[in-house]
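Chemist: Coordinates for the following, if possible.
(one chain, ligands or ions: 2)
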Amino acid sequence: MKAITTATLKKWKQEGKKFASLTAYDASFASTFEAAGVPVMLVGDSLGMVLQGNSDTLPVTVEQIAYHTRCVRAGAQKALVIADMPFMSYATREQAFASAATLMQAGAQMVKLEGGDWLLDTVKGLTERGIPVCAHLGLTPQSVHQFGGFKVQGRDNQAAQQMLEQAQRMEQAGASLLVLECIPSQLARHITEHLNIPVIGIGAGPDTDAQILVMHDVLGITSGYIPKFSKNYINDHGTIQAAASAFVQEVADGTFPGPEHGFE
Ligand code: KIV
Ligand code: NA
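Modeler: Ligands and ions are numbered 1, 2, ... in the order given. From the prediction side, this is the model:
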């Protein structure tokens with residue numbers, strides 16, 4: 001695999017080449033995923049749930065994400081590594097600059113933040129300072145208490161229209177990528193068609209430019225249940241590398257996600 005950059009992802013969008021992404025939190029999984037051809041890895045604050053056992057992502061700190069980013073970077077030299085900015089680590093622009101600096105110096109090539117218009121100045125400021133940004137709209141888990149639970153977002157027309165406009169403003173502000181989480185498939189398709197930057201979906205149907213899943217769901221080791229939008233690849237593929245390869249292949253050829261993984 002050649003080193004993946006923001007330019008690579010933009011080119012793939014233009015070519016209509018769909019790509020896969022997984023979360024990763026350590027060097028061993030990162031190198032296995034890289035060997036399987038996973039071009040983008042996210043050091044997600046989902047680690048607060050899948051590694052730490054919390055019921056949401058709020059307890060995660062910048063230092064923890066930085067630690068796991070160093071681990072992932074040590075295992076994966078070619079993949080593009082995105083680091084999540086944790087809850088309240090970007091409440092102000094100055095905080096965002098300091099948090100992003102820590103994560104970039106830990107080996108990330110992009111930072112991801114959750115939210116809409118209140119973040120536009122921050123996104124602009126980060127990109128002006130040389131830090132690529134991935135925006136994240138829809139079900140943004142750091143706002144779970146504001147939402148009143150992990151619920152599909154953008155279901156009514158007004159919310160859908162607002163999300164499209166926010167996505168466009170994020171692109172204008174300089175975002176390089178956009179994650180859409182748990183929104184109706186039709187809305188995700190609409191947003192993807194209206195943006196020049198690549199859109200990565202999770203629970204957002206088949207028509208985004210890319211797909212991301214939490215590695216524990218793909219490997220069937222999430223305690224309790226697998227979310228509707230996810231898929232266990234370990235049962236049919238036996239090894240971790242084969243499971244990751246199958247996911248990469250199924251995203252590339254459009255087999256994943258199927259209609260059963262989406263929301264109407
Ligand atoms: O933290 C995470 O794993 C994420 C992805 C699910 C997009 O933000
Ligand atoms: Na996250």
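
Chemist: Could you use CA atoms for every contact and neighbour count after this?
Modeler: Fine.

Chemist: end-to-end on stretch 172-179?
Modeler: When the termini of stretch 172-179 are compared using Cα to Cα, to the nearest Å, they are 16 Å apart.

Chemist: Next, the contact list for the spatially most central residue of the chain, please.
Modeler: Nearest to the mean C-alpha position of the chain, counting by Cα atoms, centre = their mean, stands residue 179 at 5.3 Å. Contacts for residue 179 (Cα atoms under 8 Å, 6 or more residues apart in numbering) come out as 134, 135, 136, 137, 199, 200, 201, 202.

Chemist: what about it, which SS state?
Modeler: strand (DSSP: H, G, I helix; E, B strand; the rest coil).

Chemist: And it, what's its pLDDT?
Modeler: Turning to residue 179, the model gives it a pLDDT of 98.

Chemist: before we move on, what about residue 224?
Modeler: Looking at residue 224, its pLDDT stands at 69.

Chemist: what's around the closest residue to residue 34 other than its chain neighbours, how many residues?
Modeler: In this structure, residue 34 finds its nearest non-sequential neighbour in residue 76, 6.1 Å apart by Cα to Cα, 6 or more residues apart in numbering. For residue 76, the count of nearby residues is 26 (other Cα atoms under 10 Å).

Chemist: circling back: report the beta-bridge partner residues of the residue nearest to the centre of the chain.
Modeler: For residue 179, the residues forming beta bridges with it (DSSP bridges) are residue 136, residue 200.

Chemist: what about the closest residue to residue 23 other than its chain neighbours, which helix or strand?
Modeler: Using Cα to Cα, 6+ apart and skipping residues adjacent in sequence, the residue nearest residue 23 is residue 42, 4.5 Å away. Counting by DSSP states H and E, the element that carries residue 42 is strand 40-43.

Chemist: Tell me the first helix or strand C-terminal of that strand.
Modeler: Toward the C-terminus, strand 40-43 is succeeded by helix 47-50 as the next helix or strand (DSSP H and E).

Chemist: Tell me the residues of this protein that contact ligand 2?
Modeler: When proximity is defined by Cα under 5 Å from the ion, the chain lies next to ligand 2 at 44, 45.

Chemist: which regions of the chain lie under the pLDDT threshold?
Modeler: Filtered on pLDDT under 70, the chain yields the residue ranges 223-224.

Chemist: Which part of it gets nearest to ligand 1, residue-wise?
Modeler: For the chain, the residue closest to ligand 1 is residue 44, as judged by Cα to the nearest ligand atom, at 3.3 Å.

Chemist: And for that residue, the neighbour number?
Modeler: Using other Cα under 10 Å: residue 44 sits among 25 other residues.

Chemist: Next, work out how far apart it and residue 132 are.
Modeler: 16 Å.

Chemist: repeat for residue 151
Modeler: Using Cα to Cα, residue 151 is found at 28 Å from residue 132.

Chemist: what about those two, which has more around it?
Modeler: Using other Cα under 10 Å as the criterion, residue 151 and residue 132 rank with residue 132 on top: 24 against 14.

Chemist: from what I can see residue 230 touches residue 262, true?
Modeler: No. Assessed by Cα atoms under 8 Å, residue 230 is found out of contact with residue 262, at 9.5 Å.

Chemist: just the strands in the stretch 151-264 of the chain please.
Modeler: Per DSSP state E, counting those that start in this stretch, the stretch 151-264 of the chain carries strands over the ranges 177-181, 199-202, 210-213.

Chemist: what residues are shared contacts of residue 230 and residue 262?
Modeler: residue 203.
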